[in-house]
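Student: when you get a sec, could you give me coordinates for this:
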Amino acid sequence: MSFEIKLPLFEGPFDLMLFFIERDELDIYDIPISKITNDFLEYIHHLEQMEIEVASEFILFAATLMKIKSRMLLPRPELNEDGEEIDPREELIRNLLEYKKYKSVVEELSNMEGERLSKEKRGNIAAELKALSKMEDVDAEMQHVDLYKLLKVFQRTMAKMAARSEETKHTVIQYPYTIEQQKDFVLEKISFKKQVPFTDFITYKPDKIFVIYTFLAILELLQLSQVTIIIGEGYNNFWVEKTEPVAAA
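Tutor: Model (predicted):
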């Protein structure tokens, strides 16, 4: 089966080797050099077919793998000074382990850097207060203002004023109600009935300003002890009742 690997994922040939080892769950101390070499060469050929320039370090690494593969195919193994057989993969494994160790450290440092960058730095309060005082220093700001800058600001302001299509108008409307007027209105309504629900005042004229003035008038009458309030069923309404005058003893 063919596989596709993008070059930017791998920083170097050792990174690609570790990918193959982890992908196929290989023993890094007993690398099947033939399989790894074929995978590595297939990857390089795939890059060439995609017309991607192969870095020289990848080509050198492929040549090293082929050299190790050829040494392992020789019938006579190489021996060291002690007469022990030399594993042609020994140097490759040592370099891979070293690379893996440093890679894990770099990844940990990268995570620590990302975590540190996401935190807000503790500021120097004295330095911040000094910077703020400079920003609010009018004299310091005026030192950088010249006649040309003032004229440019004046020109932009006049152009903005001329571009306005309509003048700003503020209309003040006088409400046709007063507290005294609404007090008379409430007293008149409750003179015909013993109790009048507040909803009746709303249905009489469902206007927001009218309702507000009427409610304020009821509160003032309540303060003057001219009316009393009885809470209605469900607490969604109340009844206004006229207070009977207390007979003198």
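
Student: for the chain, which residue occupies the most central location?
Tutor: S118 (11.6 Å; Cα atoms, centre = their mean).

Student: not counting its neighbours along the chain, what's nearest E180?
Tutor: Leaving aside its chain neighbours, E180 sits nearest to A217 (8.0 Å; criterion: Cβ to Cβ, 6 or more residues apart in numbering). Where C-beta positions appear, they are placed from N, C-alpha and C, glycine not excepted.

Student: after the lowest-mean-pLDDT helix or strand in the chain comes which helix or strand?
Tutor: Using mean pLDDT, DSSP states H and E, helix 138-142 stands out as the lowest-scoring helix or strand of the chain, at a mean of 56. If you walk from helix 138-142 toward the C-terminus, the next helix or strand you reach (DSSP states H and E) is helix 147-163.

Student: and that following helix, how far out from the chain middle?
Tutor: Averaging C-alpha coordinates over helix 147-163 and over its chain gives two centres that are 38 Å apart (Cα atoms, centre = their mean, to the nearest Å).

Student: averaged pLDDT, that helix. What do you get?
Tutor: When pLDDT is averaged over helix 147-163, the result is 80.

Student: if we can go back for a sec, can you give me the distance of the residue nearest to the centre of the chain to M112?
Tutor: Distance, S118 to M112, by Cβ to Cβ, to the nearest Å: 11 Å.

Student: can I get stretch 98-109 in CSV? Just the C-alpha atoms.
Tutor: Extracted in CSV, the C-alpha atoms of stretch 98-109 (Å, rounded to 0.1, in the frame of the first residue of the first chain):
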residue,chain,number,x,y,z
GLU,A,98,20.2,10.4,21.2
TYR,A,99,17.9,12.2,18.7
LYS,A,100,14.8,10.8,20.4
LYS,A,101,16.0,12.0,23.8
TYR,A,102,16.6,15.5,22.6
LYS,A,103,13.4,15.6,20.7
SER,A,104,11.3,14.7,23.8
VAL,A,105,13.1,17.5,25.7
VAL,A,106,12.5,20.0,22.9
GLU,A,107,8.8,19.1,22.8
GLU,A,108,8.5,19.5,26.5
LEU,A,109,10.2,22.9,26.3
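
Student: going forward can the numbers begin at 8, since that is how I track them
Tutor: Okay, residue one is now 8; in that scheme the one you just asked about reads as stretch 105-116.

Student: now it: mean pLDDT?
Tutor: 80.

Student: now do the buried residues in that stretch.
Tutor: 106-107 (16 or more other Cβ atoms under 10 Å).

Student: need the contact partners of it.
Tutor: Stretch 105-116 is contacted by residues 21-22, 25, 35 when judged by Cβ atoms under 8 Å, 6 or more residues apart in numbering.

Student: buried subset of those as a ChimeraX selection?
Tutor: Those of the contacts of stretch 105-116 that count as buried under 16+ other Cβ under 10 Å are selected in ChimeraX with:
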select :21,25
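
Student: and the furthest pair within the contacts of stretch 105-116?
Tutor: D22 and I35 (13.9 Å; Cβ to Cβ).

Student: how's the protein carved up into domains?
Tutor: The chain breaks down by automatic domain parsing into domains covering 14-124, 186-249.

Student: of all these, which has the lowest average per-residue confidence?
Tutor: Among those, domain 14-124 scores lowest, with a mean of 76.

Student: would you map the helices across the protein?
Tutor: Taking DSSP state H as the criterion, the chain contains helices spanning 20-30, 40-56, 63-80, 97-124, 132-142, 145-149, 154-170, 186-197, 205-211, 215-230.

Student: distance of the spatially closest residue to I28 that is not a sequence neighbour from T210?
Tutor: With sequence-adjacent residues excluded and distances taken as Cβ to Cβ, 6+ apart, I28 is closest to I35, at 5.6 Å. I35 sits at a distance of 87 Å from T210 (criterion: Cβ to Cβ).
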